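Colleague: Sequence and predicted structure are below.
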Amino acid sequence: MPFIAKHILWVDCLGALLTGILLAALSGHIAPIYNLPQSWVIAHACVHLAYGSFSLSLAVRRTRPIGLISTLAIANAAWAVLCIIFAARMVEGDSVLAAAHFLIEGIYVGTLGFIEWNRRENLAKGE
């Protein structure tokens, strides 16, 4: 865990960027499987790409403003809550795969946010 914790910003940005690229590229296939409009899947991809770009801008820095690290951690926590809400809504709409996706994503980004928040001072110093 220490290696991952030290490089959590890279885990965060690469995960977000990869997910955004895959969602965008496969949106035409994912939308019918998830029983969602393709525009919704593309919007989800755009959120990941924007977020991944922001976290990448922090990952490449030697030192980072603690306020931006805190913003990143809070954004992860907020997205985790939204993912859980989306998952609950998807189950009601009989989209179990979409619900599972959002549930797993919520757990993943919530964990990232937790680690980033607890390590924000070290991450700010580049440690």
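Modeller: Here it is on my side, so go on.
Colleague: in what helix or strand does the residue lying closest to Asp12 once chain neighbours are set aside lie?
Modeller: Using Cβ to Cβ, 6 or more residues apart in numbering and skipping the chain neighbours, the partner closest in space to Asp12 is Ser55 (4.6 Å). C-betas here are computed from N, CA, C, even on glycine. In the assignment (DSSP states H and E), Ser55 maps to helix 38-59.
Colleague: Same check on Ile115?
Modeller: Using DSSP H and E, Ile115 falls in helix 96-118.
Colleague: State the pLDDT value of Gly93.
Modeller: Note on Gly93: pLDDT of 72.
Colleague: what about it, how many neighbours?
Modeller: A count of neighbours around Gly93, defined by other Cβ atoms under 10 Å, yields 12.
Colleague: which residues does it contact?
Modeller: Residues counted as contacts of Gly93 (Cβ atoms under 8 Å, 6 or more residues apart in numbering) are Asn35.
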